[in-house]
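>>> Just a sequence and a predicted model for now, questions to come.
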Amino acid sequence: MNNGKAVRPALVYLSAEALGGFPQQATPGAVAIELVHNFALVHDDIIDRDSFRRNRHTLWKKFGIGPALLTGDGLHILAIDTLLDPGTARARTAVGLLTRAMIATLHGQAHDMGFPHRPWSGPTAVTPEEYRQAAGAKTGALIACSAAIGAVLAGGGGTPRQVARFAAYGRHLGVAFQCTDDVIGLWGKPETAGKPVGSDLLEARKTLPIITALASGTPAAGRLLELLSHSEEGPAADDLPEALDLLEEASGRSAAEAQAEHHMTAAVQCLAALPISAAARDELHAMALYMTRRDR
């Protein structure tokens, strides 16, 4: 059973400990981040009409939309309450970071919701750059917040410059994480992806490998466009092996993997100016590697 990766709370602990904090200081932030993440997942599943997550029925599919919405709202409220519970100035600063991250996430989700209604090709097609910007908001904002909150809650609290460095580290990691998720959604092992191989193609999701391949202008891109244009639901199941081959031929997979590596490297570079130990740097680097290579 896949119970989730818990990378966000792990980042809270890692960044706090890197600046000399203790786990108990970071725990309210770690709990709040995970509650907010799950709140977002519950609502995302309703918006996307996803029936499965982590190889289990999603909340709305099992109990209905109303109970799922109430559960998501409850998780959101509990997150803020948990983070505010210590009643310190640092706790209030952390709540501000979390609130701003959630606003950015909503903006990213709004852009993402508009992508399915746009054509696969032509002047109004979704561009790779648009997709990366949406991923930076939808996925990157909360991961950036995880690292920043850990820095705020550490010891006597990180300086504004240190908090900003950790946030930049997390923001790059978020984009790398999303690029990797997009690759896993097409070629990953079902036990890792939590859904069948190639499901993003069959569901006509506009993910980075598909968008990049279509923008390549290659013969493979032209044939892929034909398969995608058969219906609004995407290619037929029988066409999936050919479509996956075309994606690789048009460099969709390699381009998404290169983007993941680029942002992972940029994340690690953000740590260079931080006054942290070699051991802490190694742990944060290991987290970056895990988030971009977790299906290997």
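Here it is on my side, so go on.
>>> tell me what whichever helix or strand residue 279 is part of is packed against?
Per DSSP states H and E, residue 279 falls inside helix 278-293. The contact analysis (3 or more CB pairs under 8 Å, 6 or more residues apart in numbering; DSSP states H and E) places helix 278-293 against helix 7-18, helix 160-187, helix 252-269. (Glycine included, C-beta is placed from N, CA and C.)
>>> Comparing these, which comes out most buried?
Comparing the helices and strands packed on helix 278-293 on average neighbours per residue, with mean count of other CB atoms under 10 Å, the densest one is helix 7-18 at a mean of 25.
>>> quick one, it and helix 278-293 angle?
Using axes from the mean of the first three to the mean of the last three CA atoms, to 10 degrees, the inter-axis angle of helix 7-18 relative to helix 278-293 is 170 degrees.
>>> chain center to helix 7-18: distance?
16 Å (CA atoms, centre = their mean, to the nearest Å).
>>> do stretch 168-178 as well
8 Å.
>>> re earlier: mind listing what's buried along the helix holding residue 279?
280, 283-284, 287-288, 291-292 (16 or more other CB atoms under 10 Å).
>>> and which of those is nearest residue 132?
Distance to residue 132, by CB to CB, is smallest for residue 292 among the buried residues of helix 278-293, at 14.8 Å.
>>> Identify the residues contacting the closest one.
176-177, 179-180, 260-261, 263-264 (CB atoms under 8 Å, 6 or more residues apart in numbering).
>>> and those as TSV, adding distance to residue 132 and pLDDT?
As requested, those are exported to TSV (distance: CB to CB, whole Å; pLDDT from 0 to 100):
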residue	distance to residue 132	pLDDT
176	11	94
177	12	93
179	8	94
180	13	93
260	11	94
261	14	94
263	9	95
264	14	95
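>>> what residue is smack in the middle of this protein?
Geometric centre of the chain, nearest residue: residue 139, 3.5 Å, by CA atoms, centre = their mean.
>>> Quick check: the closest residue to residue 23 other than its chain neighbours vs residue 27, distance?
Of all residues not flanking residue 23 in the chain, residue 13 sits nearest, at 6.0 Å (CB to CB, 6 or more residues apart in numbering). As judged by CB to CB, to the nearest Å, residue 13 and residue 27 stand 8 Å apart.
>>> would you list every one of the helices in the stretch 1-150 of the chain?
Assigned by DSSP state H, counting those that start in this stretch, the helices in the stretch 1-150 of the chain fall at 7-18, 23-48, 59-63, 65-84, 89-114, 128-138, 140-153.
>>> quick one, which of these is packed in tightest?
Most buried among these, counting by mean count of other CB under 10 Å: helix 140-153, with a mean of 30.
>>> Show me what it is packed against.
Partner elements for helix 140-153 (3+ CB pairs under 8 Å, 6+ apart): helix 7-18, helix 23-48, helix 89-114, helix 160-187.
>>> and residue 122, which of these is closest to it?
Ranking the helices and strands packed on helix 140-153 by proximity to residue 122 (CB to CB) places helix 89-114 first, at 15.4 Å.
>>> Specify the angle between that closest one and helix 128-138 in degrees.
Using the same axes, to 10 degrees: helix 89-114 against helix 128-138 is 140 degrees.
>>> Give me the distance between stretch 88-96 and the centre of its chain.
Using CA atoms, centre = their mean, the offset of stretch 88-96 from its chain centre is 24 Å.
>>> What mean pLDDT does that stretch get?
The average pLDDT within stretch 88-96 is 93.
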